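Undergrad: Got a predicted structure here, sequence first:
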Amino acid sequence: QVQLVESGGGLVQAGGSLRLSCAASRQTVSAYTMGWFRQAPGKEREFVAAISRAGVVTYYADSVKGRFAISRDNAKNTMYLQMNSLKPEDTALYYCAASGRSLYDSDYDSLRFYAYWGQGTQVTVSS
């Protein structure tokens, strides 16, 4: 089974940028559909973005569309989330996740779609 470790979180001012990384080990990440989720204090974990195995197809939550970009480098066994124009409401613990299912399945934005999860990296955006 694949292990996932997020990094790149931190404190940034509103309007700033951060790039999160998700490094996979134990198995080749190219076999998995990958996604990013986030969870703010007192709220449920929510979908942010997803990317197909080859990196050709991507989906985004409406709240981050146009500001965030998901990508992957299968040769490095790593997935990324470039976050620009950050807002205080983007403050959350960000998780990466992996699924053995196809991104063409309709529930790619649900928690149940993903079998493997990282521990999360904190992103805090100050106003």
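TA: That came through, no problem.

Undergrad: which residue of the chain sits farthest from its center?
TA: Distance from the C-alpha centroid of the chain peaks at S127, with 22.9 Å (Cα atoms, centre = their mean).

Undergrad: contacting residues around that residue?
TA: Shown in contact with S127 (Cβ atoms under 8 Å, 6 or more residues apart in numbering): A14, P88. Bear in mind the C-beta positions are built from the backbone N, C-alpha and C, glycine included.

Undergrad: so how far is P41 from it?
TA: Distance, S127 to P41, by Cβ to Cβ, to the nearest Å: 16 Å.

Undergrad: now swap in L86 and tell me
TA: To P41, L86 is 17 Å away according to Cβ to Cβ.

Undergrad: what about the two, which has more around it?
TA: Taking neighbours as other Cβ atoms under 10 Å, L86 and P41 compare with L86 leading, 22 against 7.

Undergrad: In space, what's closest to the more buried one - neighbours in sequence excluded?
TA: In space, and not counting its chain neighbours, L86 is closest to V125: 4.6 Å by Cβ to Cβ, 6 or more residues apart in numbering.

Undergrad: which secondary structure element contains the one you found?
TA: strand 121-126 (DSSP states H and E).

Undergrad: Any buried residues in that strand, and which?
TA: Neighbour counts over strand 121-126 (16 or more other Cβ atoms under 10 Å) mark T121, V123, V125 as buried.

Undergrad: Which of those lies at the shortest distance from A14?
TA: V125 (5.7 Å; Cβ to Cβ).

Undergrad: Now do the contacts for the closest one.
TA: L11, V12, Q13, A14, G16, L86, K87, P88, E89, D90, T91.

Undergrad: again, but for G9
TA: L18, L20, Y94, T121, Q122, V123, T124.

Undergrad: Check M83 too.
TA: Residues in contact with M83 (Cβ under 8 Å, 6+ apart) are S17, L18, R19, L20, V64, R67, F68, D90, V123.

Undergrad: okay but the fourth one is in contact with V123, surely?
TA: Put plainly, it is L20. Yes - at 7.5 Å, L20 counts as touching V123 under the criterion of Cβ atoms under 8 Å.
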